[in-house]
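In: Give me coordinates for this.
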Amino acid sequence: MGKYNKWIAGGLGWAFFGPLGGLLGFVVAGALDGNERNKLNNQTGRTTTGDFVMSLIVLVAAVMKADGKVLKVELDYVKAYFVRSLGHNSAEDALRMLRDILNQNIDLHAVSTQINSNLDYSSKLQMMHFLYGIAASDRDFAASERNVIRNIENYLGISQKDADSIMSMFVPSTDAAYKILEINTDASDEEVKKAYRTMAKKYHPDKVSYLGEEFRKTANEKFKKVNDAYEQIKKERGLN
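Out: Sure thing, here's the model as predicted:
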């Protein structure tokens, strides 16, 4: 179990307690020595890479289990994300945890409620973007997966506009670009420009820079989709 120390000890404090801690306890039991436990118990409450990753692993498992089957394309999508964000060795550790948790019963309400109390809003938006990506990775966004994600959004306090914006990044529709910018199709040109500035600020990678440079880089995908949506609307309207 010692191989998990390098990123668990880096920040995972609150996850040892409550339903999330109970679910993950079998993974980390005995992994940390006394000094490391003291370090974990003295967290300041700020979202850390450890908090984010462990929370994400549990919610990923819940989404992957939603339609009753775990597909290779979904595992490949998750693996690629973890490799980009954590490096190969820690990605393998995370995938082992995921495979174990896929075999556990997940109290989604209890776990999500705990996550909501301990992660900041920008981290939760980043998390939801990834969960939608998993659901869409097999090009078959099952209703059961969408229901689980919608429940997670509600438990995490994600606003309806933010939820619709992120979903529109993965689910094609005629007005997807407008939904991504959280505006209606009849918005004025000035409202379009204002919405873009607002969304670019909300989804800028720097918003999650505290998770580390690699996670900041993965946040570029979300930011790019905001830019792409704006460019599409500008082209349709002939805006400069």
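In: Now do stretch 94-107: distance to the chain's middle.
Out: Per C-alpha atoms, centre = their mean, to the nearest Å, the displacement of stretch 94-107 from the mean C-alpha position of its chain is 16 Å.
In: Ignore what I typed, I meant stretch 224-235.
Out: On C-alpha atoms, centre = their mean, the centre of stretch 224-235 falls 22 Å from that of its chain.
In: how's the protein carved up into domains?
Out: 1-158, 159-240 (automatic domain parsing).
In: I'd like these as TSV, with mean pLDDT appended.
Out: Listed next are those as TSV, based on pLDDT from 0 to 100:
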stretch	mean pLDDT
domain 1-158	77
domain 159-240	93
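In: Adding mean neighbour count, write those out as TSV.
Out: All C-beta atoms are positioned from the backbone trio N, CA, C, and that covers glycine. As requested, the domains of the chain are exported to TSV (neighbours: other C-beta atoms under 10 Å):
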stretch	mean neighbour count
domain 1-158	18
domain 159-240	16
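In: and for whichever helix or strand Ile149 is part of, what are the contacting residues?
Out: For Ile149, the element it lies in under DSSP states H and E is helix 143-156. Helix 143-156 has contacts (C-beta atoms under 8 Å, 6 or more residues apart in numbering) with 59, 62-63, 66-68, 108-109, 112-113, 115-116, 119, 124, 127-128, 131-132, 135, 163.
In: hmm, try it at 6 Å
Out: Contacts of helix 143-156 with the rest of the structure, by C-beta atoms under 6 Å, 6 or more residues apart in numbering, involve 59, 62-63, 66-67, 112-113, 116, 124, 131, 135, 163.
In: All set, thanks.
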